[in-house]
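Student: Build me a model from this:
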Amino acid sequence: MTYKQKLTKIGNSVGVIIPAEVLKELGLNHKSDVYLEQVQNGVVIKKTEIEYVSPEVLHVAERVADRYEDAFKELASK
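Tutor: Numbers count the residues shown, from 1 in each chain. Predicted structure coming up:
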């Protein structure tokens, strides 16, 4: 869907109003963080995403933490 929106002056900056239906669809609100990406002749606004970490990576991290627990504690105390 494409929306035509006017830019709005906000203090020394300029903002764009995001329609309520777009916010609802993306699960965003007035406190949400978004990324602005400059592309050739425009700007893309992207919803921030939680990075996915696979169960395999988590398993390896847990094994490393268990194996080197004493060393990590020693380093943390310095």
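Student: average model confidence for the longest helix along the chain?
Tutor: Ranked by residue count, the top helix of the chain under DSSP state H comes out as helix 55-67. What helix 55-67 shows for mean pLDDT is 91.
Student: Next SSE downstream of that helix?
Tutor: helix 69-76 (DSSP states H and E).
Student: Residues contacting the longest helix of the chain, please?
Tutor: residue 72 (C-beta atoms under 8 Å, 6 or more residues apart in numbering). All C-beta atoms are positioned from the backbone trio N, CA, C, and that covers glycine.
Student: what is the orientation angle of that helix with helix 69-76?
Tutor: Per axes from the mean of the first three to the mean of the last three C-alpha atoms, to 10 degrees, the angle that helix 55-67 makes with helix 69-76 is 80 degrees.
Student: Please put the alpha-carbon coordinates of helix 55-67 into CSV.
Tutor: What follows is helix 55-67, C-alpha atoms only, in CSV (Å, rounded to 0.1, in the frame of the first residue of the first chain):
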residue,chain,number,x,y,z
PRO,A,55,18.9,-23.0,19.4
GLU,A,56,22.2,-24.4,18.2
VAL,A,57,24.0,-21.2,18.9
LEU,A,58,22.4,-20.8,22.3
HIS,A,59,23.5,-24.4,23.1
VAL,A,60,27.1,-23.7,22.2
ALA,A,61,27.1,-20.5,24.2
GLU,A,62,25.8,-22.4,27.3
ARG,A,63,28.5,-25.0,26.9
VAL,A,64,31.2,-22.4,26.7
ALA,A,65,29.8,-20.5,29.7
ASP,A,66,29.7,-23.8,31.7
ARG,A,67,33.2,-24.8,30.6
